[in-house]
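Colleague: Quick one, structure for this:
(one chain, ligands or ions: 2)
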Amino acid sequence: MTGIPSSSGLADGPALVYLHSSIITEKEHILPSRIQKEVSRFHAAVKTVSKELEQIGDDSTTSKDILETHRMMLGDPEFIRAVDAMIEQEAVCAPWAVKTTIETMTKPLESSKDAVFRERAMDFEDVSLQIIRVLEGQPQHGLSHLDHDVILVGDKLLPSELFSIDKTHVLGIALDGGGPTSHIAILTRSLRIPTVLALGSFSSKVHNGDEVIVDGNYGEVFVRPELGAKRTVKERNERMQEEQHQLDMLSRLPTVTTDGHTMKILANIEMVGEVPMVKQVGSDGIGLYRSEYLILEGGEKISEDTQFENYKSVIQAMAPNPVTIRTFDIGGDKVVPGLGIDEQNPILGWRAVRFCLARKDIFSVQLRALLRASVYGKLRIMFPMISGVKELDDVLAVLDQAKRELDEQGIPYDHQVRVGTMIEVPSAALCADLLAGRVDFFSIGTNDLIQYTLAVDRGNEKIAYLYQPLHPAVLRSIKMIIDKGHFAGIPVGMCGEMAGNGFLSPLLCGLGLDEFSMDPQSVLAVRRNLRMVSYAECGELADAVLQLDESEAIKTYMKDWMERHERKNE
Ligand code: PEP
Ligand code: MG
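Modeller: Numbering: from 1, shown residues only. Ligands and ions are numbered 1, 2, ... in the order given. Just a heads-up that it's a prediction; the model follows:
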């Protein structure tokens, strides 16, 4: 069966089937005289879970981040107040109040098109299950005392369960659910446990003790495999290891074409825990840190100091390479509970800088935290969804105000800190010349630029066929942004998914892109592709492609070009 490869490597062993026993919570009314006791019981359970989390002795950065998220959720005053109020006003038992409150809080997250936000709902569920477990007097998960090596097969696995597992005995993991950006995916990657997710009903086909192979490289799992299948898996993984070994050798090399043109390959991250991977692949910095994930996890009141520590740790870890931190891009499909963002047409609505300019209380705190962190390395501040000059000027004015405040308080920051804007709205692309004089760099956000240029919702599967990165309108737009940026003397990067697509690398190089920023896993393949071509040839490719009138013809032309190019180099 095939699922989503989430942590690479190959594992073979006997299955341990772990089906998630969601605790059934009944609504139970309590006597008014018991209400205060029930509230205290709830508070005591929260304390017990907090203590349990503290006792988990896992000190990888990723695990710490996730544990910290869970602790923050546990201590969220809004959550505590809501549960207290429900017990008091409706005279219901604490487990029911916890369950219902978490369901209300996570509903907007579950319906988000963004998988990462849906996964956060799972974190909330995890925390609530732990509280309910303590309230119901149930013991911690039964995975902590494994005495032999296993392949863990399950419907899902919550981060708290993975923490409690004896990881030395877990050879591999195969789960029915989970997405590539889930905490489980990130954790298994950082623990280097081969893992395949989203396997549908795989767990129902496996019995305890069955031999299972987890191929985390190809995203495949096999139950009771025959000898032939075992051999095939082994051989293709040896080939892949060899390829990976070749790619790994590129991690210390620059991204330079055969005729000496240099570009930078940077990485996109959502969490601090991804930094070690970014460094391991030898990327030239971070081209996009989606800081809004901090708000989602920490809530709108996430303090200046918490943000400062977070930004500082990334900047310090990456120094002397640059770290581009994008200010909060919330709204749209990134719903944050409690911020009043609930709109008919959110993609065109109150999001990103539009939201930040209306909520300067939140925005200024972030800008102060960023500026304070800027002295620890090479920070670049980047604004999302800028649609025109006035909006950019307004945002820059808030930044200036934050700088003035720090000056007055004698707090140091890097006075040369680079400030840039994403170009992801067609009006910004068309006004790129007007924007370029006001910033130090552009970064093209093709994910949104394509959706707005072609009027195609990027999350709607029914019209996915119209979402064409190679549409002439998109390519002309990219070309125009790069040219206008260069004319004004500023570098132009790209941090949308197009930048990490190896097939497009020569074309983007030919269009003149200076920086590519992508999922860390793609860095080395894109570097390899760019090191195999010449800048002059790429320029010719781009000129030819810009003459073509539709995306299929462009794709065919590019495929032919690649084949000709590969033959020539054989
Ligand atoms: C983009 O729009 O291309 C981008 C990088 O931002 P996001 O995917 O977070 O909207
Ligand atoms: Mg975007």
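Colleague: So what touches stretch 234-254?
Modeller: 10, 215, 217-218, 262, 280-282, 524-525, 527-528, 531 (Cβ atoms under 8 Å, 6 or more residues apart in numbering). Every C-beta, even on glycine, is put in place using the N, C-alpha and C of the backbone.
Colleague: what residues does this structure put near ligand 2?
Modeller: Residues of the chain lying close to ligand 2 by Cβ under 5 Å from the ion are 424, 445, 448.
Colleague: do you know how far Leu530 is from Met263?
Modeller: For Leu530, the distance to Met263 (Cβ to Cβ, to the nearest Å) stands at 6 Å.
Colleague: Which neighbours do the two have in common?
Modeller: Joint contacts of Leu530 and Met263 (Cβ under 8 Å, 6+ apart) are 255-257, 509.
Colleague: of all those, which comes closest to ligand 1?
Modeller: Ranked by distance to ligand 1 (Cβ to the nearest ligand atom), these are led by Cys509 at 18.6 Å.
Colleague: What residues does the closest one make contact with?
Modeller: Applying Cβ under 8 Å, 6+ apart to Cys509 gives the contacts 257, 261, 263, 530, 533, 535, 538.
Colleague: which SS class is the third one?
Modeller: Right, Met263. The three-state label given to Met263 by DSSP: H, G, I helix; E, B strand; the rest coil is strand.
Colleague: give me every residue that touches the closest residue to it other than its chain neighbours.
Modeller: Leaving aside its chain neighbours, Met263 sits nearest to Thr255 (4.9 Å; criterion: Cβ to Cβ, 6 or more residues apart in numbering). Counting by Cβ under 8 Å, 6+ apart, Thr255 touches 262-265, 284, 526-527, 530-531.
Colleague: Filter those residues down to the buried ones and express that as a PyMOL selection.
Modeller: Applying 16 or more other Cβ atoms under 10 Å to the contacts of Thr255, the buried members can be selected in PyMOL as follows:
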select buried, resi 263+264+265+284+526+527+530+531
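Colleague: how about the contacts of Thr255 in TSV, adding distance to ligand 1?
Modeller: What follows is the contacts of Thr255, written out as TSV (distance: Cβ to the nearest ligand atom, whole Å):
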residue	distance to ligand 1
Thr262	23
Met263	18
Lys264	16
Ile265	15
Asp284	17
Val526	16
Arg527	20
Leu530	20
Arg531	25
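Colleague: Check whether Ile438 really touches Asp393, as I assumed.
Modeller: Actually, residue 438 is Arg. It isn't Ile. Yes: if you go by Cβ atoms under 8 Å, Arg438 and Asp393 touch, sitting 7.2 Å apart.
Colleague: Pick out whichever of these two has more residues nearby.
Modeller: Neighbour totals were compared for Arg438 and Asp393, and Arg438 leads with 17 against 11 (other Cβ atoms under 10 Å).
Colleague: What separation do you get for that one and ligand 2?
Modeller: 20 Å (Cβ to the ion, to the nearest Å).
Colleague: Tell me who's in contact with that residue.
Modeller: Applying Cβ under 8 Å, 6+ apart, we find Arg438 in contact with 389, 392-393, 396.
Colleague: Show me what from the stretch 151-300 of the chain comes close to ligand 1.
Modeller: Within the stretch 151-300 of the chain, the positions adjacent to ligand 1 are 288, 290 by Cβ under 6 Å from any ligand atom.
Colleague: got the residue ranges for the strands in the stretch 151-300 of the chain?
Modeller: Using DSSP state E, counting those that start in this stretch, the strands of the stretch 151-300 of the chain run over residues 170-175, 195-197, 211-215, 220-223, 255-256, 262-269, 286-290.
Colleague: Equivalent analysis for the stretch 1-150 of the chain, please.
Modeller: Under the criterion DSSP E, counting those that start in this stretch, strands of the stretch 1-150 of the chain are mapped to 4-7, 10-18, 150-154.
Colleague: Relative to Phe516, tell me which of those strands wins on proximity.
Modeller: Closest approach to Phe516 among the strands of the stretch 1-150 of the chain (Cβ to Cβ): strand 4-7, 22.6 Å.
Colleague: Measure how far the closest one is from the centre of its chain, please.
Modeller: Relative to its chain's centre, strand 4-7 lies at 14 Å (Cα atoms, centre = their mean, to the nearest Å).
Colleague: Stretch 154-171 too?
Modeller: Distance of stretch 154-171 from the chain centroid (Cα atoms, centre = their mean) equals 21 Å.
Colleague: begin at 32 from here
Modeller: Taking 32 as the first residue, the last one we looked at is stretch 185-202.
Colleague: got the end-to-end distance for that stretch?
Modeller: End-to-end span of stretch 185-202 (Cα to Cα, to the nearest Å): 14 Å.
Colleague: Give the buried residues for it.
Modeller: Neighbour counts over stretch 185-202 (16+ other Cβ under 10 Å) mark 185-196, 198, 200-202 as buried.
Colleague: average pLDDT for it?
Modeller: In this model, stretch 185-202 has a mean pLDDT of 82.
Colleague: Check stretch 479-493 too.
Modeller: Per-residue pLDDT over stretch 479-493 has a mean of 90.
Colleague: Then stretch 240-256?
Modeller: For stretch 240-256, the mean pLDDT works out to 93.
Colleague: what comes into contact with that stretch?
Modeller: Applying Cβ under 8 Å, 6+ apart, the contact partners of stretch 240-256 are 32-46, 182, 184, 202-205, 225-227, 230, 233, 236-237, 260-261, 264, 267-268, 271.
Colleague: Please save the CA atoms from it in PDB.
Modeller: Output in PDB follows, covering the C-alpha atoms of stretch 240-256 (Å, rounded to 0.1, in the frame of the first residue of the first chain):
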ATOM      1  CA  GLY A 240       3.300 -10.100  15.000                       C
ATOM      2  CA  ASP A 241       2.800 -10.000  11.200                       C
ATOM      3  CA  GLU A 242       6.000  -9.000   9.300                       C
ATOM      4  CA  VAL A 243       5.700  -5.500   8.000                       C
ATOM      5  CA  ILE A 244       8.100  -3.500   5.900                       C
ATOM      6  CA  VAL A 245       7.900   0.300   6.100                       C
ATOM      7  CA  ASP A 246       9.600   2.000   3.200                       C
ATOM      8  CA  GLY A 247       9.800   5.700   4.300                       C
ATOM      9  CA  ASN A 248      11.600   6.700   1.200                       C
ATOM     10  CA  TYR A 249       9.000   5.600  -1.300                       C
ATOM     11  CA  GLY A 250       6.000   5.900   1.100                       C
ATOM     12  CA  GLU A 251       5.100   2.200   0.700                       C
ATOM     13  CA  VAL A 252       4.200  -0.500   3.300                       C
ATOM     14  CA  PHE A 253       4.100  -4.300   2.900                       C
ATOM     15  CA  VAL A 254       2.400  -6.800   5.200                       C
ATOM     16  CA  ARG A 255       3.600 -10.400   5.200                       C
ATOM     17  CA  PRO A 256       5.800  -9.600   2.200                       C
END
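Colleague: Could you report the separation of Gly329 from ligand 1?
Modeller: Distance, Gly329 to ligand 1, by Cβ to the nearest ligand atom, to the nearest Å: 18 Å.
Colleague: Which parts of the stretch 282-431 of the chain are helices?
Modeller: Assigned by DSSP state H, counting those that start in this stretch, the stretch 282-431 of the chain shows helices spanning 306-311, 323-329, 335-349, 383-389, 391-404, 420-440.
Colleague: what about the fifth one, average pLDDT?
Modeller: Looking at helix 391-404 alone, the average pLDDT works out to 97.
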